[in-house]
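Asks: my questions concern the predicted model and sequence given below.
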Amino acid sequence: MTEGRNPATMDLDLRPVDEILALINAEDRKVAGAVAVEIPNIARAVDLIVESLRSGGRLLYVGAGTSGRLGVLDAAECPPTFGTDPEQVQGVIAGGYGALVRAVEGAEDDAESGAAALRERGISAGDVVVGIAACRRTPFVAHALRYAREMGARTVYVTANPPKGLPVEVDVAICPVVGPEVIMGSTRMKAGTAQKMVLNMLTTAAAVRLGKVHENLMVDLSATSEKLRERSKRILMIAEGISYDEAAALLDRAGGSVKLALVMHRTGLDLDHARVRLAEAGGWVRRAIGES
């Protein structure tokens, strides 16, 4: 379907710029609805990811072209946002990391390299592999998923086409059907937007279920930049109703951990005891401070 021709844009080349943009925007508005239909399947995938990460497993995205870049992007955002180990969520792209900045033609057709990439990473039964392919049949992705399944890993397919005819059996298929693109076959557009939305949902919901979010605050972030260090203080100011200087001092006593700072401030515990309390609560701030 993503390779079909869109009847609404047949005269695209005759339109003035504002009408071209309006057509693109009209098509983009269909994406969120298509993703919403897939929420039950996305939820099933989140459950698999949470189970894996909680047990020490990994989440690996596998894709080619735009799909591969989106997977690498989502994986790269997890350590600073949710404090995950860089090995815990990984992105694998056909053609290697050079393909992130320059198209590597034909890489998506190299089926064996998809399996080889997972073999190099020691894929196992404790992992979850999410294949991302707008057109549903990318050989690199399909072969990687097939190999992952053989190794006992749980598998998820994210595609912008209907699930019927998937080239490999998977545990969960997430298929937001966005229809033909504004420009025929340009799946970096609606299909790419749908995939990005799905990946955001997978890792964000999984992080929430793993206790990496308190209320709607990013409390497990890795403050590796000035922006993130300032965000850490701002989170404490908002959550605890304290001043900037108080937040800075509290964060310093907590060794830079927003989670521990929250537990220390709410319970009056010192750092060592707060760390024990938080561990006993499975990393959940609410449980550690007695709110649930």
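Replies: Received the coordinates, thanks. Residues are numbered from 1 along each chain as shown.
Asks: how near is E112 to P139?
Replies: From E112 across to P139, the span is 9 Å (C-beta to C-beta, to the nearest Å). Yep, even glycine has a C-beta here, placed from its N, CA and C like the rest.
Asks: those two: who's more crowded?
Replies: When E112 and P139 are compared for neighbours, P139 comes out ahead with 18 against 13, by other C-beta atoms under 10 Å.
Asks: which residues touch that one?
Replies: E108, D109, D110, A111, G114 (C-beta atoms under 8 Å, 6 or more residues apart in numbering).
Asks: go through those and say which is closest to D47.
Replies: Lowest distance from D47 to these (C-beta to C-beta) belongs to G114, with 25.0 Å.
Asks: hmm, back to that, hmm, which of the contacts of P139 is lowest in pLDDT?
Replies: Among those, D109 carries the weakest pLDDT, at 76.
Asks: R234: how many residues sit nearby?
Replies: 13.
Asks: now do the closest residue in space to it that isn't next to it in sequence, the pLDDT please.
Replies: Distances taken as C-beta to C-beta, 6 or more residues apart in numbering put A247 closest to R234, at 7.6 Å, once the chain neighbours are dropped. pLDDT, A247: 96.
Asks: now for A247, how many residues are close by?
Replies: The burial count for A247: 23, using other C-beta under 10 Å.
Asks: I figured it was touching E240, is that so?
Replies: Yes: with contact defined as C-beta atoms under 8 Å, A247 counts as touching E240 (7.4 Å).
Asks: follow-up on the earlier one: now the contacts of P139: which count as buried?
Replies: Neighbour counting with 16 or more other C-beta atoms under 10 Å marks E108, D110, A111, G114 as buried within those.
Asks: with secondary structure and distance to T187 as extra columns, can I get those in TSV?
Replies: Listed next are the buried ones among the contacts of P139 as TSV, based on DSSP: H, G, I helix; E, B strand; the rest coil; distance: C-beta to C-beta, whole Å:
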residue	secondary structure	distance to T187
E108	helix	12
D110	coil	19
A111	helix	20
G114	helix	18
